[in-house]
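S.K.: below: sequence and its predicted model.
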Amino acid sequence: MYSRLRDSFLDGLSSYYGSDVMPAGASVNMRRALAEHRNRLRDKGLTYKETYINTIDDRPGETPARSETFNISHCYKHCNVIAEYSDGSNTVKLDESPDDIVYVQVIDLKDRESADQILVCPNCGHRSVARDFADGCPMCSTKFKISEIYPSVNSYYSIPWPMPKKDFPEQAMKVAKWIGIGGGLLIGLIALIGMLMTKSSTWVTALISIVVALVSGWGLFILSYLISMAVFSGKAVSGAARLAADTLDMAGAQNSQRQTEQAVCQFDKNFNYRVFEGQILSAIRSIAYSSDRQNCSVYTGTGDLSFMDDLVDIRYRGACRFEKAVAADGYLHVIMTAFLDNIYYREGSFSKARERFTVEMVRRQEVQTVPDISAHSINCGSCGASFDAVISRKCPYCGTPYALADHDWSVILIAR
């Protein structure tokens with residue numbers, strides 16, 4: 001259902017860091033997260049390229065989830081994901097596996113206005129579909145406030161897939177067939193030449209050569225196919241072992257979705273774990289890449305987060321572990337551990353670290369999940385002005401304080 005949006009988003013992501021043109025369908029939160037990541041890279045003097053190479057073995061699919069007000073689809077496909085970082089002198093290329101699974105989370109409202117609705121620019125009169133105005137008028141560049149357009153991409157991540165490709169048996173059959181044909185013809189030709197040199201009868205020689213070619217070809221085909229399937233089985237076993245070893249530290253996260261939903265759904269009937277997972281990642285990235293955490297409303301803690309100053313990429317490994325949930329003083333606190341592969345740039349060199357960030361999320365108990373709320377576009381309850389609450393804890397127009405936790409999830413603690 002959302003495969004075209006998934007593919008267009010990934011295509012746009014591949015060119016974003018070089019062109020600054022936002023990927024199609026990115027949500028308000030996603031757009032801001034990408035911009036913050038780009039700014040962190042530029043502050044460090046780095047260039048970055050993220051490439052998604054389609055293969056014939058893409059194995060696409062969607063895992064849907066629904067609530068009373070919105071639909072969520074976890075779209076995925078297999079492709080080769082390559083990330084490349086450079087400071088001009090040193091280049092680091094991450095390509096852990098030729099086959100990766102990319103997950104793209106799409107949120108859609110059940111009762112939404114179509115993203116294909118025609119809008120008219122109030123400045124130059126240009127007419128186009130609503131999605132074309134997300135970064136301003138494409139003709140005169142006039143910027144104006146526009147509501148979230150649905151469906152939109154809320155989060156994405158990729159994980160290496162060490163298992164053999166699904167078409168390996170077919171490829172093994174094709175290889176074995178050509179080995180059988182080629183080998184049989186070659187052996188038959190050698191037999192024919194050998195017998196002709198002994199001056200045997202021509203028709204007997206030809207008949208024997210054909211029989212030799214057929215028998216040897218068939219034998220080579222069977223042998224090649226058995227060897228190929230043995231290699232396939234070996235790769236499958238090796239891949240399964242590698243996958244198990246790579247995810248061993250995440251074993252405790254197996255039941256986290258059920259545990260988190262049990263803890264939160266008693267307060268929020270619209271709660272969805274996948275949306276919450278995306279909010280955790282968005283919050284970690286916003287805080288990590290922020291240049292002014294003291295005024296960042298997503299973070300209300302007081303801990304020292306200087307360890308995030310040299311982070312240049314946060315790569316999610318696909319799992320969050322539920323630790324506990326506590327309701328106190330009208331607020332719900334949920335503690336989760338996110339499993340990450342982080343890229344740091346310190347003193348002219350890159351380093352990769354497999355880390356766990358424990359995050360304590362807090363929100364008023366009575367607040368319900370509303371997918372189209374964004375801390376990056378908040379209306380002041382006092383003067384009605386719109387402002388970015390991620391970079392300001394008060395309205396820049398009238399000075400009214402703003403507490404994100406009264407409206408949506410905020411972070412009170414991050415530890416590693």
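M.R.: Right, received. Where do you want to start? Residues are numbered from 1 along each chain as shown.

S.K.: where along this protein do the strands fall?
M.R.: 47-54, 61-66, 70-86, 91-94, 100-109, 118-120, 127-129, 152-160, 311-328, 331-346, 349-364, 378-379, 386-387, 410-415 (DSSP state E).

S.K.: who touches the last one?
M.R.: With contact meaning CB atoms under 8 Å, 6 or more residues apart in numbering, strand 410-415 is reached by 283-284, 287, 297-301, 303, 305, 308, 333, 335, 357-363, 403-405. To be clear about C-beta, it is placed using only N, CA and C from the backbone, and glycine gets the same treatment.

S.K.: low-confidence bits of the stretch 201-350 of the chain, can you list those?
M.R.: For the stretch 201-350 of the chain, the stretches with pLDDT under 70 are 201-204, 235-237, 239-248.

S.K.: and the helices in it?
M.R.: For the stretch 201-350 of the chain, applying DSSP state H, counting those that start in this stretch gives helices covering 202-246, 256-264, 273-289.

S.K.: which residues does residue 72 bridge with?
M.R.: For residue 72, the beta-bridge partners under DSSP bridges are residue 65, residue 107.

S.K.: can you count the residues close to residue 205?
M.R.: Residues lying near residue 205 (other CB atoms under 10 Å) number 18.

S.K.: wait, what's in contact with residue 347?
M.R.: Counting by CB under 8 Å, 6+ apart, residue 347 has no contacts.

S.K.: residue 249 versus that one, what's the distance?
M.R.: 28 Å (CB to CB, to the nearest Å).

S.K.: which regions of the stretch 51-200 of the chain sit below the pLDDT cut-off?
M.R.: 56, 66-69, 110-136, 140-149, 164-167, 196, 198-200.

S.K.: in contact with the nearest residue to residue 321 once chain neighbours are set aside, which residues?
M.R.: The shortest distance from residue 321 to any non-neighbouring residue, by CB to CB, 6 or more residues apart in numbering, is to residue 253 (4.0 Å). Counting by CB under 8 Å, 6+ apart, residue 253 touches 319-322, 337, 339.

S.K.: redo those as JSON lines? Include neighbour count and distance to residue 186.
M.R.: Output for these, formatted as JSON lines (neighbours: other CB atoms under 10 Å; distance: CB to CB, whole Å):
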{"residue": "319", "neighbour count": "20", "distance to residue 186": "52"}
{"residue": "320", "neighbour count": "24", "distance to residue 186": "58"}
{"residue": "321", "neighbour count": "21", "distance to residue 186": "58"}
{"residue": "322", "neighbour count": "22", "distance to residue 186": "62"}
{"residue": "337", "neighbour count": "21", "distance to residue 186": "60"}
{"residue": "339", "neighbour count": "19", "distance to residue 186": "53"}
